[in-house]
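> Starting from these lines, generate the structure:
(2 chains)
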Amino acid sequence: MNLTGYILDESALTGYARNVPDWHSFVWSASQRLSLLMVPAAAAAAAWARTATEQQRDALQELLDYPGTRVEPLDEAEAAAVGLLLTDAGQPDLLAVGHAVWHARQWSLPVVTTQPESLRLVDPEIATITLGA
Amino acid sequence: MTALGLGTAPFVEDAADTYTDADRLVVHWRAYQWNHGIGEMVTALARHGGELALARPTKADRDAFLAKIRARFGQPDPESLARVNAVLDQHAAMSGKQPVA
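Numbering: from 1, shown residues only, chains lettered A, B, ... in the order given. Presented below is the predicted three-dimensional model:
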């Protein structure tokens, strides 16, 4: 069976919280399709760090509370796997990016992002969907 | 190795009691126990073709969420929505994962 879903990186979450038109449309459309919205915990933390207003925080929380959104925790085993992935890529500082790449590999799902370049620094073959206008 | 490919060896013991049907006679005493995290099991199931049925939103969930988005941000910009839909449709067609209507 096919799993329809997307990995949302920090830029996707921040874009939605800030009501950037393409991210508004993406969350709308993906929800209409009953697709899963997979959020690596490190990406969620990075997005929380970039919220500037109460309205943005409310929007982000609402997205994370949606039953179709799965926040994927960074547990002990994943921390090791993501860290070693970043070491192999020579990008030890890209924690949120590495966590998104690791989950994209685990679930064979694309990462939706405004910044495919940073994802490709970790995995040149990663499947991405670039939005963000 | 388990049927799902989880690699940890089981804990094996001979036990005369069981946590189910405690008043029943236990004929075969050999017990095998595995201890896997939920995430490990879900990942293993997904790798073996499983669907994340439990995690899927219902249509009622979706409709409630769309109402919240509409209340918060309004309807999506039509041009943006058309562009995003085209991108998602194209990706779905290329990956063979058709969107759920």
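> Point out where the chain drops to low pLDDT.
No chain was given, so I picked chain A. A:1-3, A:133 (pLDDT under 70).
> I was after chain B.
For chain B (pLDDT under 70), the answer is B:1-9, B:18-25, B:34-55, B:96-101.
> Could you list the domains of it?
Chain B resolves into domains spanning B:1-56, B:57-101 when parsed by automatic domain parsing.
> Nearest residue to the residue in chain A positioned nearest to chain B in space, please, no chain neighbours.
Scanning chain A for proximity to chain B using C-beta to the nearest C-beta identifies A:G68 as nearest, at 3.3 Å. From N, CA and C alone the C-beta is placed, and that goes for glycine too. Leaving out its chain neighbours, the residue that sits closest to A:G68 by C-beta to C-beta, 6 or more residues apart in numbering or on different chains is B:P57, at 3.3 Å.
> ok and the residue in chain B nearest chain A?
Residue of chain B nearest chain A, by C-beta to the nearest C-beta: B:P57 (3.3 Å).
> what secondary structure does that residue sit in?
Under DSSP: H, G, I helix; E, B strand; the rest coil, B:P57 falls in the coil class.
> Next, the contact list for it, please.
A:S31, A:L34, A:L36, A:Y66, A:P67, A:G68, B:F65 (C-beta atoms under 8 Å, 6 or more residues apart in numbering or on different chains).
> how near is the fourth one to B:T58?
So the one you mean is A:Y66. Applying C-beta to C-beta, to the nearest Å, the value for A:Y66 to B:T58 is 11 Å.
> which stretches of chain A form helices?
Ranges of helices within chain A are A:10-17, A:21-32, A:41-49, A:54-65, A:76-89, A:95-107, A:116-122, based on DSSP state H.
> should've said chain B
Under DSSP H, chain B gives helices at B:38-47, B:59-73, B:78-95.
> for the longest one, packing partners?
Helices and strands touching helix B:78-95, by 3 or more C-beta pairs under 8 Å, 6 or more residues apart in numbering or on different chains; DSSP states H and E, are helix A:21-32, strand A:128-130.
> buried sites along that helix?
Going by neighbour count (16 or more other C-beta atoms under 10 Å in any protein chain shown), the buried part of helix B:78-95 is B:S80, B:L81, B:R83, B:V84, B:N85, B:V87, B:L88, B:H91, B:A92.
> Show the contacting residues for the second one.
For B:L81, the residues meeting the contact criterion (C-beta under 8 Å, 6+ apart) are A:S25, A:W28, A:S29.
> Those also near chain B: which ones?
When contact is defined as C-beta under 8 Å from any C-beta of the partner chain, these meet chain B at A:S25, A:W28, A:S29.
> Need the nearest residue in space to the second one, chain neighbours excluded.
Translated: A:W28. Closest residue in space to A:W28, ignoring its immediate chain neighbours: B:P76 at 4.8 Å, by C-beta to C-beta, 6+ apart.
> The one you found and A:N19 touch, don't they?
No - taking contacts as C-beta atoms under 8 Å, B:P76 lies outside contact range of A:N19: 10.0 Å.
> Mind checking which of those two has more residues around it?
Comparing B:P76 with A:N19 by other C-beta atoms under 10 Å in any protein chain shown, the one with more neighbours is B:P76, at 22 against 15.
> ok, A:L109 - contacts?
Here A:L109 is in contact with A:L3, A:G5, A:Y6, A:I7, A:M38, A:H103, A:A127 (criterion: C-beta under 8 Å, 6+ apart).
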